[in-house]
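[1] Need coordinates for the following:
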Amino acid sequence: MKKVYNFSAGPAVLPSSVLKKVQDEMLDYADSGMSVMELSHRSSLFQAIIDDAECLLRELMSIPDHYSVLFLQGGASLQFSMIPMNLAQNKKVAYVNSGSWSEKAIEEALKIPDLTVDVIASSQQDQFKKVPTIPAVTADYDYLHITTNNTIEGTTYFEVPTGIEIPVIADMSSNILSSEYDVSDFGLIYAGAQKNIGPAGLTVVIIRKDLIRLVDNLPAMLDYSVQEKNNSMYNTPPTFAIYVAKLVFEWLKELGGVKSIEAINRKKAQLLYDYLDQSSLFSSPVERGSRSLTNIPFVTGDAAIDKQFVEEAEKAGFVNLKGHRSVGGMRASLYNAFPIEGVTALIEFMDTFTKKTEEAPLHVSN
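    Got it, this is the predicted structure:
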């Protein structure tokens, strides 16, 4: 079997032990004679899967009882619309623009009729090389929306605003379960699963129960109250993705939980950042205080050399290192399941590439 190190920003690497478990149970789950993908979502077997998944997630994130956990579909992108549709009771909301996904969330909120959308902080003027400072927020807003980790730009809020009178809404798609956060600091947390949780197709929403209310003329699939009332099964949920998510939660619990994995993630990220900071060829474009643990962009300063590096890296088994098309360069996504030996192997390859490039330069920019 071909061995590669997968640096994809998502869908991303999964724990090998989880994939092996899926393989072992693929044709016959729990002596049912059926695959998980064939189980009825109304069966007792699947009910146990989704109940266990919720219980494990609550334990891993210390989710209080007055929060509901929903397993939904549509990705984080659908939440860009669902959140203002459900929570903007007074038709005034505040957003922090820290990167591309924040911009998309703002764009979707602006489509809601009669909704005032105020961008109260932005780092766009700094090319999103850092997260913006969040100012005081007045109580007349329905909520404050932030993105805790910016997948494309490689920036992170490690600390979030506290003591705010309005709910803080967080898109945690790319760093949920990879860093410790206090769920009680948020009114709602949402995340696409395809980075740190499981396969694409599942979206996790953690919402404070007092924020769930009936909204007139809201389509049922977009209504948090309908989804909660039906225990995430108003329609057929993404059963296979929820099953794999449960296995990932079990894997993470066995590792020692979020505190333990954060320590591992910090070690992985520090190895790469230390190398970038002393490299004569590669560098990090992100300001130190905002650097992500999970998504690390880096550049050479020469697009032709960047392209050559990505091509040679892929041939050597380092795949999906090409940076997002909007920023270029390279990006190493080091999610929970990415092994530390992959980081050390990448650094060795980067060092070899640097020496070769310095001995026989490919291109000199004007």
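
[2] what helix or strand does residue 206 sit in?
    strand 203-208 (DSSP states H and E).

[3] got the CA positions of that strand in PDB?
    Output of strand 203-208 as PDB, limited to C-alpha atoms (Å, rounded to 0.1, in the frame of the first residue of the first chain):
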ATOM      1  CA  THR A 203     -22.100  19.200  10.800                       C
ATOM      2  CA  VAL A 204     -22.000  19.500  14.600                       C
ATOM      3  CA  VAL A 205     -23.900  22.300  16.300                       C
ATOM      4  CA  ILE A 206     -23.700  22.900  20.000                       C
ATOM      5  CA  ILE A 207     -26.300  25.400  21.100                       C
ATOM      6  CA  ARG A 208     -27.400  26.900  24.400                       C
END
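
[4] Quick check: neighbours of it in the sheet, parallel or antiparallel?
    Strand 203-208 sits in its sheet next to strand 67-72 (antiparallel), strand 188-192 (antiparallel), going by DSSP bridges.

[5] Tell me where the chain has strands.
    Assigned by DSSP state E, the strands in the chain fall at 5-6, 67-72, 92-97, 116-122, 144-147, 149-150, 155-156, 168-171, 188-192, 203-208, 295-298, 318-319, 330-333.

[6] just checking, what packs against the fifth one?
    The one in question is strand 144-147. Contacts defined by 3 or more C-beta pairs under 8 Å, 6 or more residues apart in numbering; DSSP states H and E place strand 144-147 against strand 92-97, helix 100-109, strand 168-171. To be clear about C-beta, it is placed using only N, CA and C from the backbone, and glycine gets the same treatment.

[7] Export these as TSV, with columns for mean neighbour count, distance to residue 33 and mean pLDDT.
    Output for these, formatted as TSV (neighbours: other C-beta atoms under 10 Å; distance: least, C-beta to C-beta, whole Å; pLDDT from 0 to 100):
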stretch	mean neighbour count	distance to residue 33	mean pLDDT
strand 92-97	23	50	98
helix 100-109	19	42	97
strand 168-171	26	40	98
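
[8] which one of those lies closest to residue 44?
    strand 168-171 (34.1 Å; C-beta to C-beta).

[9] Mind giving me the packing neighbours of that closest one?
    For strand 168-171, where contacts count as 3+ C-beta pairs under 8 Å, 6+ apart, the packed elements are helix 75-87, helix 100-109, strand 144-147, strand 188-192.

[10] again, only using 7 Å
    On a contact count with 3 or more C-beta pairs under 7 Å, 6 or more residues apart in numbering; DSSP states H and E, strand 168-171 meets strand 144-147, strand 188-192.

[11] a markdown table for these, including mean pLDDT?
    Shown next, in a markdown table, are the helices and strands packed on strand 168-171 (pLDDT from 0 to 100):
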| stretch | mean pLDDT |
| --- | --- |
| strand 144-147 | 98 |
| strand 188-192 | 98 |
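
[12] could you dump those strands to CSV with mean neighbour count and distance to residue 3?
    Compiled in CSV, the helices and strands packed on strand 168-171 are given as follows (neighbours: other C-beta atoms under 10 Å; distance: least, C-beta to C-beta, whole Å):
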stretch, mean neighbour count, distance to residue 3
strand 144-147, 27, 34
strand 188-192, 26, 27
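
[13] Residue 303 is nearest to which of the ones you listed?
    strand 144-147 (27.2 Å).

[14] Please enumerate residues in contact with that closest one?
    93-96, 98-99, 101-102, 105, 137, 157, 160, 164, 166, 168-171 (C-beta atoms under 7 Å, 6 or more residues apart in numbering).

[15] how many neighbours does residue 7 have?
    25 (other C-beta atoms under 10 Å).

[16] Next up, the contacts around it.
    318-321, 332-333.

[17] From one end of stretch 129-137 to the other, what's the distance?
    Across stretch 129-137, the terminal residues are separated by 23 Å (C-alpha to C-alpha, to the nearest Å).

[18] who's in contact with it?
    Taking C-beta under 7 Å, 6+ apart as the rule, stretch 129-137 contacts 94, 96, 98, 120-123, 144, 155-157, 161, 164, 166, 285-287, 289-290.

[19] cool, stretch 316-323 as well?
    By C-beta under 7 Å, 6+ apart, stretch 316-323 touches 3-8, 297, 310, 313, 329-332, 346, 349.

[20] The same query, at a cut-off of 10 Å, please.
    2-13, 152, 154, 285, 297-299, 306-307, 309-314, 328-333, 342, 345-346, 349-350, 352-353 (C-beta atoms under 10 Å, 6 or more residues apart in numbering).

[21] Filter the residues you listed down to the buried ones.
    5-13, 152, 154, 285, 297-299, 306-307, 309-310, 313, 329-333, 342, 346, 349-350, 353 (16 or more other C-beta atoms under 10 Å).

[22] Quickly list the domain ranges of this protein.
    5-13+257-359, 16-255 (automatic domain parsing).

[23] I'd like the helices and strands packed on strand 144-147 written out as CSV, with distance to residue 177 added.
    Putting the helices and strands packed on strand 144-147 into CSV (distance: least, C-beta to C-beta, whole Å) gives the following:
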stretch, distance to residue 177
strand 92-97, 22
helix 100-109, 18
strand 168-171, 13
